[in-house]
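Enquirer: pasting the sequence and the predicted coordinates here, then a few questions.
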Amino acid sequence: MSAIYAHVCRLFRISSFVIIFLALNICFTINVQAAPSISNITDNRNSYTNSQVPKFDKFEITFNIDSTDATNFFFPFDPNPPAGIALGTGISVSAVFTDPESNTFTQPGFYYQNFEDATIGTREWFYPTANYSWKVRFSPNKVGTWKYKITAQDSSGTTQSAETTFSVSDSGNKGFIKVSPRDPRYFEYDDGTYFPALGYNLNGGDLDNVNPVLGNQSKFQAMNANGIELSRVWISQFSIFGEAYGKWGSPNRAHQTQEPRYGIVNPINSILTSTFATYYPGQPPPALPGGSEYYMWLEFNKTPSADGSLQRFTPCRYFATIAVKQNTNYRVKVRYLTVGLEGPLDSSKPFGFAIKRSASELFDPIDACNDPNTTGVTTIAASYNSSQVQNDSANPDWKFLEGTYNSGANDFFGYLYLTFDNVASTDGDFVAGQVFIDNVWLEEASCNSNCANLVHKPDMDMHLYVNQRDAYSFDKLLDLSKEYEIYLKAVMLEKNDRIFQTIDFNGQPAAKQAIDNFYGNGTTLTKVRWLQQAWW
């Protein structure tokens with residue numbers, strides 16, 4: 001972050017305010033933040049014949065933004081955000097395009113993480129890097145000479161790049177879909193060809209977001225062979241943004257409903273507070289660590305529900321599909337808080353909270369992750385090992401648990417477990433304690449700064465960032481749909497997202513989960529609706 005330093009005597013100007021010292025001869029130095037700068041602008045024209053971008057094809061600009069005071073690159077800059085959104089935290093980045101007839105189009109940019117990309121056996125391997133850039137993607141709709149310039153605005157000011165020209169050639173691409181101007185009962189492509197909208201719904205498990213090419217290619221081939229031109233796809237189930245369809249699985253089948261439960265709650269949520277009032281009277285839910293809005297809740301409570309299921313029981317959470325490099329040391333770290341842990345299950349071993357690794361999913365019995373004698377499981381770090389625990393100096397009661405794992409001959413981590421370890425009720429009830437988790441890191445141990453986190457849903461504030469790994473995966477799916485000439489109607493959000501249903505109209509944690517919070521109150525731009533617009 002750069003700055004302009006000004007030596008000031010007697011009279012100085014900050015923004016629109018002028019302060020004059022008449023009687024005092026005061027001299028001092030102030031730090032004035034510079035507007036963001038734009039650098040390293042490139043585009044993909046050279047990937048096309050004679051550097052001519054085909055009409056209706058993808059034109060992609062890549063660049064860097066420097067000297068910004070934005071703290072969240074997913075947020076746009078908003079000088080008057082709704083309640084619950086901090087002022088001046090975001091940055092708005094766009095490209096302004098001018099067509100051969102001098103019409104202008106503004107296309108928003110987005111922050112992009114680069115991945116190492118390979119196919120290993122029957123699996124796609126996407127490894128995150130610490131290399132980020134900004135991108136704008138655009139599809140020019142006219143042949144001729146176009147121009148573009150990049151603009152960026154944050155709380156320190158606005159800047160724009162020099163204008164650049166590029167050429168667009170004719171192509172066989174049919175273009176976008178629109179209502180036919182000749183007969184509004186029908187759709188057609190931009191080139192006037194009839195669009196029959198013969199479609200297919202790729203719902204739920206129909207789409208593979210782990211292996212977007214290998215897992216979906218045969219489906220797109222079959223659709224193309226049968227004349228299907230349109231598919232409704234559930235981008236929400238890639239869990240790129242928000243809590244719904246998240247990555248932290250539970251071995252408890254009662255949690256694996258249509259919209260799986262991930263235990264993402266805030267301290268005043270009725271799901272949490274009513275449980276505490278019923279099962280842990282006199283004990284309030286723990287406070288969040290500073291700067292956090294949600295945490296993940298593991299509850300070791302085997303009280304049966306009326307149907308016999310163990311709705312309250314979450315012995316562990318697991319995360320799969322993590323790419324690793326062979327023979328590499330990794331640092332695994334969790335910020336957590338424990339409440340009332342009891343044990344041990346096996347009297348010959350200590351008990352507590354642990355980070356474990358298993359080559360395959362542990363699901364039978366339901367609490368195999370808690371059992372210290374389960375075979376095929378490696379304990380990476382445990383709270384009863386004092387050398388692996390550090391206090392969080394900024395947040396009383398919260399701690400960091402950290403350990404090291406060597407990947408050996410593995411290309412994938414396997415299953416990362418955050419789990420109770422050897423706990424059991426010691427007072428005759430069904431309860432053996434709780435764990436609250438705020439953030440998870442899995443990084444190369446040799447990295448000391450600007451480290452890429454291999455866990456792509458690491459922060460339980462899942463409404464404040466984009467899951468870059470699965471955004472990259474969806475990019476691959478888009479390329480696949482283009483190859484087989486299938487247009488996508490994407491479902492962008494899940495209305496039953498528990499985070500968006502537990503933020504009220506005033507931008508505060510809601511005690512009661514309600515679908516109205518997802519949709520907003522219809523009269524003002526709420527925090528939830530603002531976050532949804534940032535995502536769109």
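Expert: Right, received. Where do you want to start? Numbering: from 1, shown residues only.
Enquirer: okay, buried residues for the strand ranked longest in the chain please.
Expert: Of all the segments of type strand in the chain, defined by DSSP state E, the longest one is strand 123-138. By neighbour count on 16 or more other Cβ atoms under 10 Å, the buried set for strand 123-138 is 124, 125, 126, 127, 128, 134, 135, 136, 137, 138. From N, CA and C alone the C-beta is placed, and that goes for glycine too.
Enquirer: so residue 473: helix, strand or coil?
Expert: helix (DSSP: H, G, I helix; E, B strand; the rest coil).
Enquirer: what's the local residue count around it?
Expert: 25 (other Cβ atoms under 10 Å).
Enquirer: got it, and residue 365?
Expert: 12.
Enquirer: can you pull the pLDDT of it?
Expert: pLDDT recorded at residue 365 is 94.
Enquirer: so who does it touch?
Expert: residue 371 (Cβ atoms under 8 Å, 6 or more residues apart in numbering).
Enquirer: mind checking how far it is from residue 125?
Expert: 32 Å (Cβ to Cβ, to the nearest Å).
Enquirer: which one is residue 144 nearest to, not counting chain neighbours?
Expert: residue 100 (3.2 Å; Cβ to Cβ, 6 or more residues apart in numbering).
Enquirer: and what of residue 150?
Expert: In space, residue 150 is closest to residue 161, 4.2 Å off (Cβ to Cβ, 6+ apart).
Enquirer: skip the chain neighbours and tell me the closest residue to residue 260.
Expert: Using Cβ to Cβ, 6+ apart, the closest residue to residue 260 is residue 245 (7.0 Å).
Enquirer: that neighbour against residue 493, yeah?
Expert: No - using Cβ atoms under 8 Å, residue 245 makes no contact with residue 493, being 10.8 Å away.
Enquirer: and the residue nearest to residue 260, how many neighbours?
Expert: Residue 245 has 20 nearby residues by other Cβ under 10 Å.
Enquirer: give the contact list for it.
Expert: So residue 245 contacts 236, 237, 238, 239, 259, 260, 494 (Cβ under 8 Å, 6+ apart).
Enquirer: which of the three states applies to it?
Expert: Once three-state DSSP is applied, residue 245 turns out coil.
Enquirer: now it: how far from residue 58?
Expert: 27 Å.
Enquirer: quick one, phi/psi of the residue nearest to residue 260?
Expert: phi 60, psi 40 (degrees, to the nearest 10).
Enquirer: please apply the same query to the one 3 residues further on.
Expert: Here is the backbone geometry of residue 248 (degrees, to the nearest 10): phi -90, psi 90.
Enquirer: repeat that for the one 10 residues further on.
Expert: The main-chain torsion angles of residue 258 are listed as degrees, to the nearest 10 and equal phi -60, psi -40.
Enquirer: pull the number of nearby residues for it.
Expert: 8.
Enquirer: same thing with the one 4 residues further on?
Expert: Residue 262 is flanked by 25 other residues according to other Cβ under 10 Å.
Enquirer: what about it, distance to residue 114?
Expert: From residue 262 to residue 114 the distance is 28 Å (Cβ to Cβ).
Enquirer: that older thread, please pick the buried ones from the contacts of residue 245.
Expert: Here, 16+ other Cβ under 10 Å leaves 236, 237, 238, 239, 259, 494 buried among the contacts of residue 245.
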